[in-house]
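**Student:** got a predicted model here, sequence first, then my questions.
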Amino acid sequence: MIGVDLSNMRHFIPLPYEMALTPRLRLAHDRLQSGTGVGGEFTGWVHLPENYDREEFSRIQAAAGRIRSDSQALVVIGIGGSYLGARGVIECLCSPNYNLKKKNTPNIYFVGNGLDNDQLAEVEELLAGQDFSVNVISKSGTTTEPAVAFRFFRKLLEERYGHEEATRRIYATTDRAKGALKSLAAAEGYESFVVPDDIGGRYSVLTAVGLLPIAVAGIDIERLMAGAKSMMQTCSLADMETNPAWQYAGARYELQHRGMEIEVLACFDPFFRFMAEWWKQLYGESEGKEGKGLFPASVEYTADLHSMGQYLQEGRRNLFETVVRFAPREGELTVPYDEENGDGLNFLAGKTISELKQQAMDGTLLAHVEGGVPNIRICCEERNAFTLGELIYFFCYACGLSGYLLDVNPFDQPGVEAYKKNMFALLGKPGYEELGRGLREKLHGSQR
Ligand code: PA5
């Protein structure tokens, strides 16, 4: 169960806002539930935890088992919504050091999430002497970064195993019917998984996009879906009292309305770092349009208290924190007693690291509130597949609500096209000649 604690933001708001916001939240909620809002054709994720394709789910589990048995490494190729969720869940539930750990599951290398020579070359080097498979993920099937990376790793597979075995080791996650990757997968006979038409990239982690790499890492994807389903049921209630997504979406909307332009997602758990990257894309791409939207940032405490702590405490007062907190686990490390007490820390001896963390969290948040930074606390049970399924669904649902409260389409990303067009034009893609000439003129003009 997820709880949203708003006690540290209330005194920044002069009057209770919930009643006034409820009709707008209800409208947003109805639009999400019925798929009748703007972008409603991309709300397939709303009922996904109940409606997902069981046959495909079993194929994902079988493919993950096969990869675990015939590969020491899996290369996952994808960018944005076709990358961040899987990495976030694997790092959060296994470890940011997953690849370095002793384990009976394959290493997982994420590539195609940028254009960097050294990243590709390094993964190629790391694969020397390791049996590997490739999961190429692209809904459109035409995104340049993953497509370029796929060329490299497909060639590497073919050189290593020959065409037939390479084909068996490639798993394609893409559109049901269209796109270059779909055509290639059909022509070559790669095992393929579908990104449903009605689910956009950043809302797709609970489809094959996220589930295959997550299952390869040994995470129980049935528990992940069960957590998401439980949160789906909670979020289906049109009620401020019981729906945590309403509470979160309402609070952040109200804070924004009061001049807070930046939302800083904070977690005291370093395993959460890539989930925060996923969250940033989800909210940044869903809300940031038509000159609107909170700017999503993230910090990892306590580490970032020694880098960003100063700004948070005393910088511009146009931000608030959203703090994700997981309940501690059983059997944690305790601070050892030291006879000499040279460091003066014996007052902590016998306490668990989580107890220290709890006090650090309480102290930090109180200081930030006193410094003029409100916070919203999102309290989760201990970190496991079920809890993470809940949290993913919760953030998606609150994001959909937030987009509708802002009156934007939370499911498109027209702004992402601008860089792509320019990049294609400068690289000389057929059809972009005129734009290319104009851009070169601007570039060389500005260099004069
Ligand atoms: O959320 C989105 O839609 C984007 O971040 C996409 O996931 C990203 O651009 C990758 O697109 P594709 O999966 O088509 O390669």
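**Tutor:** Cool, got the structure. Quantities reported herein were computed from a predicted structural model and do not represent experimental measurements.
**Student:** on the three-state scheme, V136 is what?
**Tutor:** strand (DSSP: H, G, I helix; E, B strand; the rest coil).
**Student:** who's in contact with it?
**Tutor:** V136 makes contacts with I77, G78, G112, P146, F150, F153, I170, Y171, A172, T173, T174, L181, as judged by C-beta atoms under 8 Å, 6 or more residues apart in numbering. From N, CA and C alone the C-beta is placed, and that goes for glycine too.
**Student:** tell me how far E55 lies from R176.
**Tutor:** 14 Å (C-beta to C-beta, to the nearest Å).
**Student:** I meant D362, not that one.
**Tutor:** 49 Å.
**Student:** coming back round to it: out of the contacts of V136, which are close to the ligand?
**Tutor:** Filtering those for proximity to the ligand (criterion: C-beta under 6 Å from any ligand atom) leaves P146.
**Student:** now pLDDT and neighbour count too, for the contacts of V136, in TSV please.
**Tutor:** Putting the contacts of V136 into TSV (pLDDT from 0 to 100; neighbours: other C-beta atoms under 10 Å) gives the following:
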residue	pLDDT	neighbour count
I77	98	30
G78	98	30
G112	97	27
P146	97	25
F150	98	23
F153	98	25
I170	98	24
Y171	98	27
A172	98	24
T173	98	31
T174	97	29
L181	96	26
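**Student:** more neighbours: which of E55 and R176?
**Tutor:** Neighbour count, other C-beta atoms under 10 Å: between E55 and R176, R176 has more, with 12 against 8.
**Student:** need the nearest residue in space to that one, chain neighbours excluded.
**Tutor:** V194 (4.8 Å; C-beta to C-beta, 6 or more residues apart in numbering).
**Student:** how far does the helix ranked longest in the chain sit from the chain's center?
**Tutor:** Assignment by DSSP state H gives helix 144-168 as the longest helix of the chain. In this view, helix 144-168 has its centroid 27 Å away from the chain centroid, taken as C-alpha atoms, centre = their mean, to the nearest Å.
**Student:** who in the chain is up against the ligand?
**Tutor:** Counting by C-beta under 6 Å from any ligand atom, the chain sits next to the ligand at 79-82, 138-140, 143, 146, 200-202, 285, 413.
**Student:** export the residues you listed to TSV and tack on secondary structure?
**Tutor:** Compiled in TSV, these are given as follows (three-state DSSP):
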residue	secondary structure
I79	coil
G80	helix
G81	helix
S82	helix
S138	strand
K139	coil
S140	coil
T143	coil
P146	helix
G200	coil
G201	helix
R202	helix
E285	helix
Q413	coil
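**Student:** what does the one helix or strand F424 maps to rub up against?
**Tutor:** Per DSSP states H and E, F424 falls inside helix 416-427. For helix 416-427, contacts defined as C-beta under 8 Å, 6+ apart pick out T144, E285, Y432, E433, L435, G436, G438, L439, R440.
**Student:** buried sites along that helix?
**Tutor:** N422, F424, A425 (16 or more other C-beta atoms under 10 Å).
**Student:** can you check stretch 283-290 too?
**Tutor:** Y283, G284, E285, S286, E287, G288, K289.
**Student:** ok, the residue in the stretch 201-350 of the chain that the ligand sits nearest to - contacts?
**Tutor:** Closest residue of the stretch 201-350 of the chain to the ligand, C-beta to the nearest ligand atom: G201 (2.2 Å). G201 makes contacts with G80, G81, S82, K139, V195, V209, as judged by C-beta under 8 Å, 6+ apart.
**Student:** helix or strand for the last one, which one?
**Tutor:** When secondary structure is defined by DSSP H and E, V209 falls within helix 208-216.
**Student:** now do the helices in the stretch 301-448 of the chain.
**Tutor:** For the stretch 301-448 of the chain, the helices defined by DSSP state H, counting those that start in this stretch cover 309-314, 353-370, 385-406, 416-427, 433-447.
**Student:** average pLDDT for the first one, rounded please.
**Tutor:** Same thing as helix 309-314. Here helix 309-314 scores 96 as its mean pLDDT.
**Student:** distance between it and the chain's centre?
**Tutor:** Worked out by C-alpha atoms, centre = their mean, helix 309-314 lies 26 Å from the chain centre.
**Student:** which strands or helices does it pack on?
**Tutor:** Where contact means 3 or more C-beta pairs under 8 Å, 6 or more residues apart in numbering; DSSP states H and E, helix 309-314 is packed against helix 353-370.
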